[in-house]
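Undergrad: sharing a model prediction with you, sequence too.
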Number of protein chains: 2
Amino acid sequence: MDGRNDKSDMAADDSAPRRRLPPAERRQQIVDEAVQYFAEVGLEGKTRELAKRLGVTQSLLFNYFSTKDELIEAVYEKVYIGRLSTDWPERLTDRSVPLRQRLLAFYSEYSALIFERAWMRIFMFSGLAGASLNHRYLKHLGDVILRPLLAETENLARNTSRPTMEDVWNLHGGIVYIGIRQHIYRMPAPENPEDEIARAIDKYLSFFGIGPDD
Amino acid sequence: MDGRNDKSDMAADDSAPRRRLPPAERRQQIVDEAVQYFAEVGLEGKTRELAKRLGVTQSLLFNYFSTKDELIEAVYEKVYIGRLSTDWPERLTDRSVPLRQRLLAFYSEYSALIFERAWMRIFMFSGLAGASLNHRYLKHLGDVILRPLLAETENLARNTSRPTMEDVWNLHGGIVYIGIRQHIYRMPAPENPEDEIARAIDKYLSFFGIGPDD
DNA sequence: AATTCTGTTGATCAGATGATCTTTAAAAGT
DNA sequence: ACTTTTAAAGATCATCTGATCAACAGAATT
């Protein structure tokens, strides 16, 4: 594209000729940069461009990943891993705490994790590509987060209309859409997403007649 | 990829050697198939693969579009055009009709238009690619649909908490997310989206103390 | 039926791209 | 200091991909 080759031009580090990193470290460095790069341009980003951003030869990449797909898999792992804390299910179902408070805590932490450009975009790219990790993640989310959340809502719902799984997905989707607008569509973000999340939760709870202290 | 060349193997039409279509018709045919194809595999789909699906030579494409980007632009136009009816703004602000009813009518029609795989995916692909049409569409949507919708809500809101633009985006996002789950992530869709949309609208309205007949 | 017009094909190019392999040189071991 | 080990670079391959252009053939015109 552009003849960037001299100096002080790269996004990453290009200045120092520091070579021969320990393999584990180099591998990690490659994956980290690949996450950022692929998040920007998509999973069809070129290995040469990625190598350039790393200040490294293209062939080096294949020293750590025998194929590009293998690198992308590593990117998936890196990005998907630890995105769903294991202790959320129990904290979401801890009935000694008001549901509203539990929801606020969960979505506060969760949004902090997912309202991140690299994650958001790679999640979308991999979703469009039909990656299995994407399906597994969403199934997992439904099983260990949203379904318990439905149970908690049902337990407290005072209205005639019973909550359904779709109601939970609607709550979830409305919140996630904030991140989509911001990072996928690059629209201006709300100054304080936490406030909007709180409103979404209140809207959800009040619809089922659940108060702040229930 | 696969040596499909003989017969009865293509997704589109491959059987008949019908050649020499009138230019306008051929062009339309190409764009139509391109929409489907790019919606499936992304905007980095190959011209040769597209030509194969059309049962046509790859070089023919460049007889109608001097460059691939030009074809993609045509795909954008085709897909974006007419996706926002011009009469929605006035119908949404027609205060002789209850707001709930207006919202139901709008999102019933709108969801019928956008809950379509090709649209949904190309919108997402173009959004990730940062296409200007995408930004313009969202700005337009905000200006002529969501902002008036906020005004209508403000006009009827009876609660202490005043509706904000973010509330409208939350309503919208929650609804759109149904389509995202279905067509981007390819998750099982709710049997009847209209019901879920109605619930989302009711949740929204009730939060501001707006009744079904207001 | 012959001629003209033009939609379509087939061959091909130039650059890009994933991947391989030999060579170089930095670090570890002696 | 010398040798060994092995990251990393450099050159290169085979294929893919967007794009070009001359040649072909179906349809309209005369």
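TA: Received, thanks.

Undergrad: residues from chain A in reach of DNA strand C?
TA: A:19-20, A:44-49, A:58-59, A:62, A:66-69 (CB under 7 Å from any atom of the strand). In short, each C-beta sits where N, CA and C put it, glycine included.

Undergrad: give me the buried subset of those.
TA: For the residues of chain A next to DNA strand C, a neighbour count by 16 or more other CB atoms under 10 Å in any protein chain shown gives the buried set as A:45, A:47, A:68.

Undergrad: that older thread, ok, the residues of chain A next to DNA strand C vs B:Y204, which is closest?
TA: Using CB to CB, A:E44 comes nearest to B:Y204 of the residues of chain A next to DNA strand C, at 38.6 Å.

Undergrad: which secondary structure element is home to that closest one?
TA: In the assignment (DSSP states H and E), A:E44 maps to no helix and no strand.

Undergrad: next, give phi and psi for it.
TA: phi -100, psi 20 (degrees, to the nearest 10).

Undergrad: circling back: so which of the residues of chain A next to DNA strand C sits lowest on pLDDT?
TA: Lowest pLDDT within the residues of chain A next to DNA strand C is found at A:R19 (77).

Undergrad: does it count as helix, strand or coil?
TA: Secondary structure for A:R19, judged by DSSP: H, G, I helix; E, B strand; the rest coil, is coil.

Undergrad: what does the lengthiest helix in chain A contact?
TA: Using DSSP state H, we find that the single longest helix of chain A is helix A:23-41. Helix A:23-41 has contacts (CB atoms under 8 Å, 6 or more residues apart in numbering or on different chains) with A:12, A:21, A:45, A:49-50, A:53-54, A:56, A:61, A:64-65, A:71-72, A:74-75, A:78-79, A:117-119, A:121-122, A:125.

Undergrad: I'd say A:S85 and A:E109 touch.
TA: Yes: here A:S85 reaches A:E109: they are 7.4 Å apart, a contact under CB atoms under 8 Å.

Undergrad: check the offset of stretch A:148-159 from the chain's centre.
TA: Taking CA atoms, centre = their mean, to the nearest Å, one finds the center of stretch A:148-159 at 26 Å from the center of the full chain.

Undergrad: how far away is A:L128 from DNA strand D?
TA: Look at A:L128 and DNA strand D: by CB to the nearest atom of the strand, to the nearest Å, they are 17 Å apart.

Undergrad: which residues does that residue contact?
TA: By CB under 8 Å, 6+ apart, A:L128 lies in contact with B:42, B:121, B:124-125, B:128, B:184.

Undergrad: mind running it again at 7 Å?
TA: Listed by CB atoms under 7 Å, 6 or more residues apart in numbering or on different chains, the contact set of A:L128 reads B:42, B:121, B:124-125, B:184.

Undergrad: most widely separated two among the residues of chain A next to DNA strand C?
TA: Within those, A:R20 and A:E44 form the most distant pair, 30.7 Å apart (CB to CB).

Undergrad: once you drop chain neighbours, what's closest to A:A157?
TA: The shortest distance from A:A157 to any non-neighbouring residue, by CB to CB, 6 or more residues apart in numbering or on different chains, is to A:F208 (4.1 Å).
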